[in-house]
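Visitor: got a sequence here, can you model it:
(one chain, ligands or ions: 1)
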Amino acid sequence: MSSPTRQEADEVGEIYDEMSDLVDVYYGNIHLGYWADDDDPTPLRDALERMTDLVVDALELAPGQHLLDVGCGVGEPAIRIAARSGVRITGISNSAWHVEETARRVTAAGVGGLVTARQADAGALPFPNATFDAVLALDSLPNAVDKGQWLREVGRVLRPGGRFALTDYTAEVPLTPADREVIATHGIFDPPTAPALCDLVSDAGLVVEQRRDWGARARRTYDEVLSLLHHRREAMADAYGSERMRAFEDSLAPVLEVCRAKLGYLLVAGHRPG
Ligand SMILES: C[S@@+](CC[C@H](N)C(=O)[O-])C[C@H]1O[C@@H](n2cnc3c(N)ncnc32)[C@H](O)[C@@H]1O
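Guide: Residues are numbered from 1 along each chain as shown. Got it, this is the predicted structure:
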């Protein structure tokens, strides 16, 4: 199979732009949730916020610091982080709609003094070297066509000693070309194995301190999202047309099947040396 292309990456931005109501299925937190085990009764929304908190814990933020949120979605994680830790946050996304929606939600949440968002490419960040105290990439790295380039950019804009935390899907078993093709349609490009992801981070000049395999903790998200989508089908069909909605659901089901059966989920955190 050929490598994912820039055009495919742009199409991911378009999916995010066009299916804007989809973010409500995730309560505005477009990442995986965290459950302690199969008996954990935590509802999806709380599990999504708990994932944000657990990943952000690895950044050891202090009030007044400046955090870059790479692939900020619609800003819900940034709003939560700002409200809890008092850090200043710059979010970036390649989706114009995400940036607008972040601005709207930030104002509504009353954290406008702390959080701003702009449209930018994570592979060519529009910031000088050593701008940020910390960098977060919460479920955005799966969308990277060139993960190494994103990670080098993270290292470049982090100040020496600054901390990073990122999450990504990992291949737990070898993926077939068909698996890769299916998940690429929803913006998951060539998931690496867990050791390969850590190597990419190290090769970008970053020091890996923590590596947590949370595949089993996060996996319930797929079923929860499918079920919510099913319940909202009619309302969403009003907005997008029933044919388009059906096509979307039909295309999502096999993606989630590959995710459930073959992908893990890894937190990698550490610092830039210096
Ligand atoms: C799965 S969402 C995660 C959003 C957010 N971190 C959250 O947890 O809610 C991935 C985000 O990465 C952004 N993204 C994907 N490719 C990007 C790129 N090349 N440059 C900047 N942002 C990108 C998407 O627009 C989206 O906002």
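Visitor: neighbouring contacts of stretch 105-123?
Guide: The contact list for stretch 105-123 (C-beta atoms under 8 Å, 6 or more residues apart in numbering) reads 28, 70-72, 74-76, 78-79, 82-83, 86-96, 98-99, 102-103, 126, 137, 140, 144-146, 149-150, 153. From N, CA and C alone the C-beta is placed, and that goes for glycine too.
Visitor: relative to the whole chain's centre, how far out is that stretch?
Guide: How far stretch 105-123 lies from its chain's middle: 16 Å, per C-alpha atoms, centre = their mean, to the nearest Å.
Visitor: check stretch 86-100 too.
Guide: Distance of stretch 86-100 from the chain centroid (C-alpha atoms, centre = their mean) equals 12 Å.
Visitor: distance between the ends of that stretch?
Guide: The first residue of stretch 86-100 is 22 Å away from its last residue (C-alpha to C-alpha, to the nearest Å).
Visitor: would you mark the buried spots in it?
Guide: Across stretch 86-100, burial judged by 16 or more other C-beta atoms under 10 Å covers 87-95, 97-100.
Visitor: what subset of the contacts of stretch 105-123 is also close to the ligand?
Guide: Contacts with the ligand are made by 71-72, 76, 92-95, 98, 140 out of the contacts of stretch 105-123, judged by C-beta under 6 Å from any ligand atom.
Visitor: so of the residues you listed, which ones are in helices?
Guide: 76, 98 (DSSP state H).
Visitor: count the residues that sit near Glu249.
Guide: When neighbours are defined as other C-beta atoms under 10 Å, Glu249 has 15 of them.
Visitor: give me the contacts around the helix or strand hosting Val201.
Guide: Per DSSP states H and E, Val201 falls inside helix 194-203. For helix 194-203, contacts defined as C-beta under 8 Å, 6+ apart pick out 147-148, 151, 166, 168, 170, 192, 208, 211, 213, 264, 266, 268, 270.
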